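Student: predicted model, plus sequence, below.
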Amino acid sequence: KAIKLQDYTPPAFLIDHVDLEFFLEPEGTRVKSLLKVRRNPDSSGPLHLDGDTLELLSIAVDGRALQEKEYLLDEFFLEVEGLPDKFELAIETRIDPVLNTRLEGLYLSGGNFCTQCEAEGFRRITFYPDRPDVMATYSVTMQADEAKYPVLLSNGNLVSQGKGEGGKHWAKWHDPFPKPCYLFALVAGDLACYADSYKTGSGRDVALKIYVQHGNEDKCAFAMDSLIRSMRWDEERFGLEYDLDIFNIVAVDDFNMGAMENKSLNIFNSKCVLASPDTATDADFERIEAIVAHEYFHNWTGNRVTCRDWFQLSLKEGLTVYRDQEFSSDMRSAPVKRIQDVRTLRARQFPEDAGPLSHPIRPESYIEINNFYTATVYEKGAEVIRMMQEILGREGFRKGIDLYFERHDNQAVTCEDFVAAMEDANGVDLEHFRLWYSQAGTPDVAVTWEYDAASSLFTFKLSQHTADTPGQHNKQPLHIPLTIGLLGQDGQDIPLIQQGTNSGDRTYSKTLRFDCEQQNFSFTDVPPGAVPSINRGFSAPVKLSAMYSDDELLFLMENDSDLFNRWEAAQSSATRLILKMIGEIQSGREPQYVSGFARALASNMANPDLDPAFVAQLMTLPSISYISEQMQVADFDAAEKARSFFKHAIATELCGSLKALYQQGVAGTAYSPDAASMGRRALRNAAMDYLATFEDDRDCRELVVRHYETADNMTDRMAALALLNDFSGAEREVALAAFEQRYQQDPVVMDKWFMVQACSRLPDVLQRIKKLTSHPGFSYKNPNKVRALVGAFASANPVRFHAEDGEGYRFLADNIIHMNAINPQVASRILAPLGGWRRMNPKHQKMMKSELKRILATEKLSGDVYEMASKSLGKE
Ligand code: ARG
Ligand code: ZN
């Protein structure tokens, strides 16, 4: 059942051209495929075609129909032997898009036809070698009812169109670029079009179109603007231009993931496209900008150069995430973007890498590839690319990218090919660095330091260790690029002169090559009392423990010129204090509060040179989940109590300045989703978040209610609703009812309504969630709804999910079992929280494991859920 990287063999046959013909019907779509096939000189064996849930109507080689005994038809493949070296293969199949609830292959969303083929959905459309190293050009003709499906789209250029009989019409598309079948796409439906255009640097005019449901045309402007800025940015930063005359985006409500980069026909989850000030928060705007860019950037990193096999997924995903992060960082505040990305990495990737599903960014085996679209492959993959850019410098990295495209355009390649291009373009050796691709787990880096006053010598003493992960023991030290600085007692950076090196270049930050288990680095001419700033900009994705005193952390929090590390110092300091309070709460004592943290926070809040968006980040305390991960045995209740206590204490001490910050923000101008306006809103909402801890104070309750009622944009509305959501009084119900009343027609916004309720701290939240599953706006067939209600409860409401009676676990397992039959990908994606049992107390461990066992005992269990549940239990 498991597929292994080491078993890779090249395909026995290659396909030069694919001619597809679709006769679209919700039930009984006929698909005719005509393939130009030739034997691969580098391989041997029968012609192997994948197929899943297909009805084979006919098969012919060079015009001669094959008899049943001439081929082998299994549930999941079709094989033919004794074929000539070159031939034409004609296959006709029948499929039922309306029955496709898995949303892989060809399906219906809101009555429109659409496709999702990555990773292995094309085999649910027709028999084909469904593997990314088979690349072909495509011609696609589709025929459908004209009244119901006026818009007919596929990859590439529209070649011709016309009318058929009985109210049908047809269109023919041609994509001149060879591509793997996972990039194939088709859309047929009744859609509105929002159009614009772009002229590339070399003068190509590109028609840009975003297709949405009628009525949503007014929510496309921001996505379009993001697309245009992405196209320009990729030319400027990487010299990469768009290569066709059309670029289409289609938004659909039912989609397993965020979006898909099909060649010239990106298909998006509508929540990743549609935005207006009244329906989308600032975070939504940022996400839309990033995803539009991400999918566009795939045109080069993914489509023009693609993956040899799915073990290489990070080749395109890690690189493309890195590119979209760089784009956002150029569009907005770079330090704030870095902070957000590291928060995500810590919230999603670190726990994954420390748990039962830990895998390297290039996995070695899988049962279901869809389970490997993970934070590790994506986000850690991007960190690995970022480290190469840190090591080679921006110019060196660009040289490597240029060579990569020079060598591999129109090829399906490996992560190794990428690293080799980086090496060869720069004349460097990245042999040791490659270990990041194959070794799983987050390295622990411990740093101590010594100062010798007599010689003014400051020495960093570094050590690294990576703990064992499932199936991987005795980890090797990694090549870690660790960027450091030194702050003088006046808070200014000290020039760094590394001992034994040329002191010619005066730098204030230096990237150390840390590649042994233990290593020392010394700097000369350092005045006494210097405080080190370590892993600046989060140069390496490691867990750092440094011997800072409490005061040193506060000093960094007030002075570090590296804003990422200033934020990091605040996080470390807060985490340390909250953990201490947790200990006090657990032993039945009153938690003790020390006010140094609040003072350091206040000095940042009062600093006019700082970006408000940054200050808002600084004010946001580490999450309950993150704090609990720092404990031997997680105790979410105590973590929640301690965090709330801490927040309340800070609010009490800084009450005056928080109220002032809040008031300053009120004098608002018209809404705009630019970075500066977002920062102002974020800061004001962060202040409100603290003020709301005076829950028993009438004025403060009223402040939040007023904030909700007077909000003229979704950011402010949601910020208030999230707070009201935890109030026990009537304000909560009033606000939720008003929200529902206002947005019940908008499924994208209703996701927020479901999600906020799933995350409520109120004790009866699970009863309310269960009731919401029969709300008319909820549907198990819509992945967004399941993720908003069930997924969010399990992953973002740890206090209630881990309830004493185990009801939270039972509810999640029931839903996974239910979803397994409808949409296995969605079922398997909400399972991970149950894998966290190792970090719980024995009673909860037992309850969680028994739910995993119950899931595993389900009849007709999909490979997706089987793999996640068995690995979570520790069986594989
Ligand atoms: N390639 C897409 C992206 O990163 C993700 C699609 C993955 N789909 C899936 N079913 N696993 O933009
Ligand atoms: Zn991607």
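Tutor: Cool, got the structure. Ligands and ions are numbered 1, 2, ... in the order given.
Student: distance check, the residue of the stretch 701-850 of the chain found nearest ligand 1 against ligand 2.
Tutor: Per Cβ to the nearest ligand atom, Q825 is where the stretch 701-850 of the chain lies closest to ligand 1, at 5.9 Å. Yep, even glycine has a C-beta here, placed from its N, CA and C like the rest. Going from Q825 to ligand 2 by Cβ to the ion, to the nearest Å gives 16 Å.
Student: dihedrals phi and psi, that residue?
Tutor: The phi/psi pair for Q825 (degrees, to the nearest 10) reads phi -60, psi -40.
Student: report the buried residues of the lengthiest helix in the chain.
Tutor: Secondary structure of the chain per DSSP state H: the longest helix is helix 381-408. For helix 381-408, the neighbour count (16 or more other Cβ atoms under 10 Å) marks 381-392, 396-401, 403-405, 408 as buried.
Student: so which helix or strand takes in Y437?
Tutor: Using DSSP states H and E, Y437 sits within helix 435-438.
Student: my bad, should have said A144
Tutor: Here A144 is assigned to strand 136-145, by DSSP H and E.
Student: what helices or strands is that strand leaning on?
Tutor: Helices and strands touching strand 136-145, by 3 or more Cβ pairs under 8 Å, 6 or more residues apart in numbering; DSSP states H and E, are strand 13-23, strand 151-154, strand 168-179, strand 186-189.
Student: buried sites along that strand?
Tutor: Going by 16+ other Cβ under 10 Å, strand 136-145 has these buried residues: A136, T137, Y138, S139, V140, T141, M142, Q143, A144.
Student: if we can go back for a sec, closest to ligand 1 out of the helices and strands packed on strand 136-145?
Tutor: Taking the helices and strands packed on strand 136-145 one by one with Cβ to the nearest ligand atom, strand 168-179 is closest: 13.2 Å.
Student: please report how far L579 lies from Q630.
Tutor: Per Cβ to Cβ, to the nearest Å, L579 is found 6 Å from Q630.
Student: same deal with G396?
Tutor: For G396, the distance to Q630 equals 37 Å [Cβ to Cβ].
Student: N565 now?
Tutor: According to Cβ to Cβ, N565 and Q630 sit 19 Å apart.
Student: okay, those two: which has more neighbours?
Tutor: Higher neighbour count among N565 and Q630: N565, with 26 against 15, using other Cβ atoms under 10 Å.
Student: right, and the more buried one touches S539 too?
Tutor: No - with contact defined as Cβ atoms under 8 Å, N565 and S539 do not form a contacting pair (10.3 Å).
Student: list the contacts for whatever residue of the stretch 151-300 of the chain ends up closest to ligand 1?
Tutor: Nearest residue of the stretch 151-300 of the chain to ligand 1 (Cβ to the nearest ligand atom) works out as M257 at 4.4 Å. Residues in contact with M257 (Cβ atoms under 8 Å, 6 or more residues apart in numbering) are Q116, N269, Y373.
Student: buried subset of those?
Tutor: Among those, the ones that count as buried by 16+ other Cβ under 10 Å are Q116, N269, Y373.
Student: mind putting the residues you listed into CSV with distance to E217 and secondary structure?
Tutor: Formatted as CSV, those follow (distance: Cβ to Cβ, whole Å; DSSP: H, G, I helix; E, B strand; the rest coil):
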residue, distance to E217, secondary structure
Q116, 24, strand
N269, 18, strand
Y373, 31, coil
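Student: take these and write them to a markdown table, including distance to ligand 1 and pLDDT.
Tutor: Supplementary listing: these in a markdown table, determined by distance: Cβ to the nearest ligand atom, whole Å; pLDDT from 0 to 100:
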| residue | distance to ligand 1 | pLDDT |
| --- | --- | --- |
| Q116 | 6 | 99 |
| N269 | 10 | 98 |
| Y373 | 4 | 98 |
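Student: and those residues as a markdown table, adding distance to Q757?
Tutor: Shown next, in a markdown table, are the buried ones among the contacts of M257 (distance: Cβ to Cβ, whole Å):
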| residue | distance to Q757 |
| --- | --- |
| Q116 | 29 |
| N269 | 21 |
| Y373 | 27 |
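Student: tell me the one of these nearest R829?
Tutor: Nearest to R829 among the buried ones among the contacts of M257, counting by Cβ to Cβ, is Y373 at 8.8 Å.
Student: OK, contacts around the closest one?
Tutor: Y373 neighbours (Cβ under 8 Å, 6+ apart): A119, M257, L313, E317.
Student: can you tell me the helix or strand for the closest residue in space to A606 that isn't next to it in sequence?
Tutor: Spatial nearest neighbour of A606, chain neighbours left out: S657 (7.0 Å); criterion: Cβ to Cβ, 6 or more residues apart in numbering. S657 is part of helix 655-666 when elements are defined by DSSP H and E.
Student: quick revisit: list the contacts of the residue of the stretch 701-850 of the chain closest to ligand 1.
Tutor: Contacts here follow Cβ under 8 Å, 6+ apart; on that basis Q825 touches R102, L103, E104, N256, N370, P783, D864.
Student: what about 10 Å?
Tutor: Contacts for Q825 (Cβ atoms under 10 Å, 6 or more residues apart in numbering) come out as 102-104, 116, 256-257, 368, 370-371, 373, 783, 819, 862, 864-865.
Student: gap between it and H818?
Tutor: Q825 sits 14 Å away from H818, going by Cβ to Cβ.
Student: now T524
Tutor: Distance check for T524 against H818: by Cβ to Cβ, it reads 66 Å.
Student: what is the burial count for the residue of the stretch 451-600 of the chain found nearest ligand 2?
Tutor: Of all residues in the stretch 451-600 of the chain, the one sitting closest to ligand 2 is P541 (18.8 Å; Cβ to the ion). Neighbour count for P541, taken as other Cβ under 10 Å: 23.
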